[in-house]
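> make a model of this:
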Amino acid sequence: MADAASRLTALAEELLGKPLPVRIRAWDGSESGPPGAPALVIRHRRALRRLLWKPGELGLARAWVAGEIDVEGNLYEALDHLAGLLWERGSDEKDSVHPLRDPGVRAFARGLVELAGPWPPPAPPAEEVRRRTGAMHTKRRDKKAISHHYDVGNDFYELVLGPSMVYSCAYWEDGGSLEDAQRDKLDLVCRKLALKEGDRLLDVGCGWGSMAIHAAREYGARVTGVTLSIEQAAYARKRIAEEGLTDRIEIRVQDYRDVRDGPYDAISSIGMAEHVGSVRYREYADDLYALLKPGGRLLNHQIARRPERDEDAYRIDEFIDAYVFPDGELAPVGRTVGTLEEAGFEVRDVEAIREHYALTLRRWVANLEQHWQQAVRATSPGRARVWRLYMAASALSFEHNKIGVNQILVVRPTEGGGARMPLRARAWTASATG
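Below is the predicted model:
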């Protein structure tokens, strides 16, 4: 009988119709594939049972989180090769038949059965979100989803994000550090919002307080930050006290739908709208419109996906939904712009910063890898593996234009239709002091 690695390589190449661009190292010590290429390490044949029980992305994700598969060598190169094969196969019209009627898939599955070992299939890793019931994006369900993602542990996020504690796309200049890029992003948002001394700013999804602190310290704004994460709020309040800004910043554990103390001069929503959901997005836009005073600005910083030919066919990514952002949904930027306009906003600027997020994610992955043992102790081995895979794969998705990120600046017009904007567009490109 051939060794496990050779058998798996042969099965994969027969299914794909082309050479496998990565090596395979199996649990029996065997190895097969091109020399020098990254290796897909299959540490236990339980990984095959997971794939048989849950074919596709979720089965592979479970094996990765459980530590049954890993990559040796360049993680980005391995993911790029494997994802490329999947994209190419999925986009080929000859592969549009149902998988169970595809002879290649059936032969591949039979080969895996022979190698997989005894049943039953393993239970999902503890880090996986358990099956959810009821309507999506109720306040209670959203609070649980946010807790799953953000209440991982502040110590863990400190290792990954660095001192800035900003968990959204940075704004890069050549040769700059992550901290410089995150400071520049926060300052860019403040300038786009035209913040000045005494302005009331609502920071929706305020995270660990970085935007609130920057707006209060550098621009003299009075800031209300809202988050659904208890751990984030506690961390933010501690930072604010250390900065001596408790008289200017209030942090609440509160759903944005429950904020009723407007009007505000400006609203920032940075990396929060991805949690809102398509069924609630118009409500989100309406609520923020109502909270702004006429002439007030909203800066909506949001990840976007490419449009589908059939938008009704859009499905939330299985791995992301099960392990990272439960119930998170992405929308094309055009749909987001349209919904904001329907709510009454005037769109004044859209800036695409897709490449900036790829750079940010690669820095976060480097931080995680550099502090791996500390990160594992701060959370769990499975959770650390989730974040490493999620951030590396996301970096590639931004680089390949599978997803993007945009800053959308909108204004609530005055009664006479005024926008209180400068005549020359993008006046914020110059620094506040320059």
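
> endpoint to endpoint, stretch 153-173 covers what distance?
End-to-end span of stretch 153-173 (C-alpha to C-alpha, to the nearest Å): 30 Å.

> ugh, wrong one, I meant stretch 128-139
21 Å.

> quick one: mean pLDDT for the longest strand along the chain?
If you go by DSSP state E, the chain has its longest strand at strand 292-305. The average pLDDT within strand 292-305 is 98.

> elements contacting that strand?
For strand 292-305, the packing partners by 3 or more C-beta pairs under 8 Å, 6 or more residues apart in numbering; DSSP states H and E come out as helix 178-192, strand 264-270, helix 333-342, strand 403-411. C-beta coordinates here come from the backbone N, C-alpha and C atoms, glycine included.

> and of those, who's closest to K54?
With C-beta to C-beta as the measure, strand 403-411 is the member of those nearest K54 (23.8 Å).

> V386 is nearest to which of the helices and strands packed on strand 292-305?
Nearest of the helices and strands packed on strand 292-305 (C-beta to C-beta): strand 403-411, 18.2 Å.

> and for the closest one, what are the contacting residues?
Residues from elsewhere that reach strand 403-411 (C-beta atoms under 8 Å, 6 or more residues apart in numbering): 169, 188-189, 192, 295-306, 330, 333, 336-337, 340, 345-354, 356-357, 394, 397-398, 419-421.

> this protein: strands as residue ranges?
Counting by DSSP E, the strands of the chain are 23-25, 31-32, 39-42, 69-72, 200-204, 222-227, 249-253, 264-270, 292-305, 346-352, 403-411.

> could you check the pLDDT of R132?
65.

> kindly report the same for the one 3 residues further on.
Per-residue confidence at A135 stands at 77 (pLDDT).

> OK, contacts around S397?
I403.

> and the gap between the residue nearest to R183 when sequence neighbours are not counted and A322?
Counting by C-beta to C-beta, 6 or more residues apart in numbering, the nearest residue to R183 once its immediate chain neighbours are dropped is S164, at 6.9 Å. Noted for S164: a distance of 29 Å to A322, by C-beta to C-beta, to the nearest Å.

> which one's more surrounded, those two?
Legend: neighbour count by other C-beta atoms under 10 Å for S164 and A322, higher for A322 (24 against 19).

> name the nearest residue to the more buried one, ignoring sequence neighbours.
Leaving aside its sequence neighbours, A322 sits nearest to E128 (C-beta to C-beta, 6+ apart; 5.1 Å).

> check R280 too.
H137 (4.7 Å).

> again with E179
S164 (5.2 Å).

> pLDDT value on the one you found, please?
If you check S164, the pLDDT there is 97.

> tally of neighbours for the nearest residue to C206 once chain neighbours are set aside?
Counting by C-beta to C-beta, 6+ apart, the nearest residue to C206 once its immediate chain neighbours are dropped is G225, at 2.9 Å. Using other C-beta under 10 Å, G225 has 30 neighbouring residues.

> my guess is G225 contacts A212. True?
Yes. In this structure, G225 is within contact of A212 by C-beta atoms under 8 Å, at 4.4 Å.

> could I have the longest strand of the chain exported to CSV, CA atoms only?
Output of strand 292-305 as CSV, limited to C-alpha atoms (Å, rounded to 0.1, in the frame of the first residue of the first chain):
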residue,chain,number,x,y,z
LEU,A,292,-26.9,63.9,13.6
LYS,A,293,-27.7,67.6,13.7
PRO,A,294,-28.3,69.2,10.2
GLY,A,295,-25.0,69.8,8.6
GLY,A,296,-23.4,67.0,10.7
ARG,A,297,-21.1,64.4,9.1
LEU,A,298,-20.9,60.6,9.4
LEU,A,299,-17.8,58.7,8.5
ASN,A,300,-18.6,55.1,7.7
HIS,A,301,-15.5,52.9,7.4
GLN,A,302,-16.6,49.5,6.2
ILE,A,303,-15.3,46.3,4.5
ALA,A,304,-17.1,45.6,1.2
ARG,A,305,-17.3,42.5,-1.0
